[in-house]
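Q: have a look; sequence and predicted model below, questions after that.
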Amino acid sequence: MKSNTHILRDPVCGKKINPNKAYAKVKYGKETYYLCCPICQVEFEKNPQKFINNLRK
Ligand SMILES: [Zn+2]
């Protein structure tokens, strides 16, 4: 299966995100993460690894 249709999720609040409508994009490691709002962006930047681990559960 190709993964070009994978669902993007805000790693902080878990909302599904349309990348065109995301509030912010944050590059971390090899991936780009999309955040829905400034609150999620701040939280993500404080501790990106924690939220990335949540996403992979
Ligand atoms: Zn969010």
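A: Happy to help now that I have it. Numbers count the residues shown, from 1 in each chain.
Q: residues contacting the helix or strand of the chain with the lowest mean pLDDT, please?
A: Within the chain, confidence by mean pLDDT, DSSP states H and E is lowest for helix 48-55 among all helices and strands, at a mean of 90. Here helix 48-55 makes contact (CB atoms under 8 Å, 6 or more residues apart in numbering) with 9, 11, 12, 14, 26, 28, 29, 31, 33, 43, 44. From N, CA and C alone the C-beta is placed, and that goes for glycine too.
Q: go again with 7 Å.
A: 9, 11, 12, 28, 44 (CB atoms under 7 Å, 6 or more residues apart in numbering).
Q: what comes up buried for it?
A: The neighbour-count check on helix 48-55 (16 or more other CB atoms under 10 Å) flags 48, 51 as buried.
Q: could you dump it to PDB, C-alpha only?
A: Extracted as PDB, the C-alpha positions of helix 48-55 are listed here (Å, rounded to 0.1, in the frame of the first residue of the first chain):
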ATOM      1  CA  PRO A  48       8.100  16.800  20.300                       C
ATOM      2  CA  GLN A  49       9.200  13.300  21.100                       C
ATOM      3  CA  LYS A  50       6.500  12.700  23.600                       C
ATOM      4  CA  PHE A  51       3.800  13.600  21.100                       C
ATOM      5  CA  ILE A  52       5.300  11.600  18.300                       C
ATOM      6  CA  ASN A  53       5.300   8.600  20.600                       C
ATOM      7  CA  ASN A  54       1.600   9.100  21.200                       C
ATOM      8  CA  LEU A  55       0.900   9.200  17.500                       C
END
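Q: now do that helix: distance to the chain's middle.
A: 9 Å (CA atoms, centre = their mean, to the nearest Å).
Q: check whether that helix comes near the ion.
A: No - if you take CB under 5 Å from the ion as the test, helix 48-55 misses the ion, and the best it gets is 10.0 Å.
Q: what is the neighbour count of the closest residue to residue 23 other than its chain neighbours?
A: Nearest in space to residue 23, with sequence neighbours left out and distances taken as CB to CB, 6 or more residues apart in numbering, is residue 37 at 5.1 Å. Neighbour count of residue 37, defined by other CB atoms under 10 Å: 15.
Q: ok, residue 37 to the ion distance?
A: 5 Å (CB to the ion, to the nearest Å).
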